[in-house]
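Visitor: sequence first, predicted model second:
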Amino acid sequence: MTPVNRTAVLAVTDGLGFNRERSRKIINEAWDRLPKNDRGCIAGAANGVGRDLKWASNILYPVNAESLAPETPTDKAVSWLSDLHSAKKMLDVQIIERIATLVEVLADEHRYVPWTSGSRELWRLRNTNLSLPTSASGIWAGFEDLNPAVQGNSETGHEQIANTRLAPQLSLEITRSIETGDFFNNPALNTVISEAKSRGANVNFCFLLSGAAGGDGRVHSAWNHLEAFCELIFDRHKMAAQQVQMQAILDGRDSAVHSSTVSHNGSGDFLGGLRKLLGLHNAEGSLAWVIGRSMAMDRDYREEAAKTDFNLMTGRIGRPVTGFDEAIKAINAAHLEGKTDQDVPPISILRIDGSRPSISNGDAFVNLNFRSDRQRSKIGFLAGARRFLATEGESRGRKWDGSWIDHGMNLDICALAEYHPVFESDYGVRVAFHSRPHSDNVLAKWRERAGSDQYTLIAESVKASHMGYFFRGRRENPVHRANEIRVIIPSHGEEDGIKSDTEFYRHPEMRTDEITKSVLSAIDARNSRLICCNIAAPDMIGHLLPDRYQEAKVAHRAAANALVRMTNRAHASGRYMVITSDHGNIEDNTSAHSVNDILTTIIAPGHEILDPAIPVFQARLFDIAPTLLKLLGSTVNQSTITIIDPFIGRSLVHIEP
């Protein structure tokens, strides 16, 4: 049968999940606050569709699918949603308006952003099309099976969305290697340590202080990886503490904002945890530098951030303190000044002789963080990769001076993961665990599915790798002969008052409008069969909660309006539209990602309501690529599979060939 060449738009809204527990509290309060007459009308509508009084409060949900329990069988979910739709139609416009207004007011009291920002057009869009709860964390995002589950994040979220089966994450591979003992025999790690020891050089290393459990980070780093490295370097190689210098990078973004020193619900106090860990190896004195991740893990190639990080590790700057106690005092002082962990300024822990710690010529450096995008700048300047950094900066509208990168320090560098192929090929950086490209990535198979047809990727620069490297399944460039158009819109920079990720609240919409216009232009041009875009604002501003609550509402409203505009244009052009998210964040009023479900909405042209094609009304992110292929008129070509595998994607909808 000749394939049908249909077209589609995919919009990935970062960090837009929904929290069943928080939303249910709001709905229960709304029910209690409704006028008695309104409750009677709503109860009558529930009765009119054969439901009881207990069920009636579900009619108050702005988005019908969010009232479903997890893992609801599809037949029951379809009946539930149909009854909600019918019951709402029985109510007059005034009652519907009073319900919506009351829910928004109560959501504001509870600081539940998805329902406070006046996004009623998006609610309508969700309710009049197929919207499915979607798992986006834990094992369904390719992580270890932990309790609590590992939060979803942007890297794995985009990898899963573009894959036709689960894409296991590198952190899981590293954890398994620790369990089997292979970690301690890793050639790259052992070589860099043993050679430094033999020539009397220091081993310097960095680690993002989070990820001790599933619910407190583990986005860029995992605490068990740090524990294993300490065992390797101090116990097995018997390096002395004075020969090892650690840079502790503070999180406060994927973990609680003050989690470096503050413990909450059994999580946090990472400096305290680090002190105990190093103490087990008589190595407390190896802590050399402390700095917030905004400077030490910048991914938008801001030269000022990179140079601050470099100057700290080369002994030029940093508040001088003595030991853990003074470092913790300095951090707490920064907290009192209004700074969160990610913006704590550089701190130097003085050596025994009173000198500042410094990386020296010929030293070794090990980066223990596994996610690539936020490590490229650091490894770039340590390796002397001036051209690479200048090129990446220029692509984001940032001009680098870069002369300081020609330091000639000749460092022996080992990266825990493969941050960029150029570091290994051109600068001799060792890689402990290589990141293999995902073979089941939809764009890697684009030529077989769509031939020479064009596709377009659109994002702003702070999320460029998410609609590039990660979305292509860990590929820096398109596969050979793929007809890709890539649009990167420079994010706000220093000229806009934005020096770090924590300052995006000054422009909470970020580049949502520019991204939307690029998508609309691509739709109108009719050249691309598939258009994919990323909307970053809900996640980036969500990371600044709870302090930037009002700005988070603005970010959400901008994203919601953009999704409606894109859908209207896609609909007018006869395109399918898929709206999804990479993970939850903005719905929890904390700085961290969440383990909550997100919603995937599938919109067909011609007002057709698509039928779900899965037995349980629960999608996974890796179901989206097979669904897109189905919408485009292609197939996933998995007809040879004869057993049910929960980690193989499937189309979420029935649709005629």
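Guide: Perfect, thanks for sending it. Given the structure is predicted, the values throughout are model-derived calculations rather than measurements.
Visitor: CA atoms only for stretch 235-254, dumped as PDB, please.
Guide: Taking Å, rounded to 0.1, in the frame of the first residue of the first chain, the C-alpha atoms of stretch 235-254 are listed here in PDB:
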ATOM      1  CA  ASP A 235      40.600   3.300  48.800                       C
ATOM      2  CA  ARG A 236      41.700   1.500  45.700                       C
ATOM      3  CA  HIS A 237      44.300   4.000  44.400                       C
ATOM      4  CA  LYS A 238      45.000   5.300  47.900                       C
ATOM      5  CA  MET A 239      45.400   8.900  46.800                       C
ATOM      6  CA  ALA A 240      46.100  11.200  49.700                       C
ATOM      7  CA  ALA A 241      43.500  13.900  50.500                       C
ATOM      8  CA  GLN A 242      46.000  16.600  49.800                       C
ATOM      9  CA  GLN A 243      46.500  15.300  46.200                       C
ATOM     10  CA  VAL A 244      42.700  15.500  45.500                       C
ATOM     11  CA  GLN A 245      40.800  18.700  45.000                       C
ATOM     12  CA  MET A 246      37.000  18.700  44.700                       C
ATOM     13  CA  GLN A 247      34.700  21.300  43.300                       C
ATOM     14  CA  ALA A 248      31.300  21.000  44.900                       C
ATOM     15  CA  ILE A 249      28.700  22.500  42.600                       C
ATOM     16  CA  LEU A 250      25.500  23.600  44.400                       C
ATOM     17  CA  ASP A 251      22.200  22.600  42.800                       C
ATOM     18  CA  GLY A 252      19.000  24.300  44.100                       C
ATOM     19  CA  ARG A 253      17.300  23.800  40.800                       C
ATOM     20  CA  ASP A 254      16.600  20.100  40.400                       C
END
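Visitor: could you list the buried residues of that stretch?
Guide: Neighbour counts over stretch 235-254 (16 or more other C-beta atoms under 10 Å) mark 237, 239, 241, 243-254 as buried. Heads up, the C-betas are built off the backbone N, CA and C, glycines and all.
Visitor: before we move on, what about stretch 99-114?
Guide: 99-100, 102-104, 106-108, 110, 112-114.
Visitor: ok, so of the buried residues of stretch 235-254, who is nearest Leu287?
Guide: Met246 (5.3 Å; C-beta to C-beta).
Visitor: partners of the helix or strand containing the closest one, with directions?
Guide: Assigned by DSSP states H and E, Met246 belongs to strand 244-250. Paired strands of strand 244-250, with direction, are strand 203-209 (parallel), strand 287-292 (parallel) (DSSP bridges).
Visitor: and the next helix or strand past the shortest one?
Guide: Per DSSP H and E, strand 287-292 leads on to helix 293-296 as the next helix or strand towards the C-terminus.
Visitor: for that next one, name the packing helices and strands.
Guide: Applying 3 or more C-beta pairs under 8 Å, 6 or more residues apart in numbering; DSSP states H and E, one finds that helix 293-296 contacts strand 244-250, helix 303-313.
Visitor: just send the ones you listed back as JSON lines, with distance to His264 and mean pLDDT too.
Guide: Below are the helices and strands packed on helix 293-296 laid out as JSON lines (distance: least, C-beta to C-beta, whole Å; pLDDT from 0 to 100):
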{"stretch": "strand 244-250", "distance to His264": "16", "mean pLDDT": "98"}
{"stretch": "helix 303-313", "distance to His264": "28", "mean pLDDT": "97"}
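Visitor: any idea which of the buried residues of stretch 235-254 is closest to Val487?
Guide: Nearest to Val487 among the buried residues of stretch 235-254, with distances taken as C-beta to C-beta, is Arg253, at 26.6 Å.
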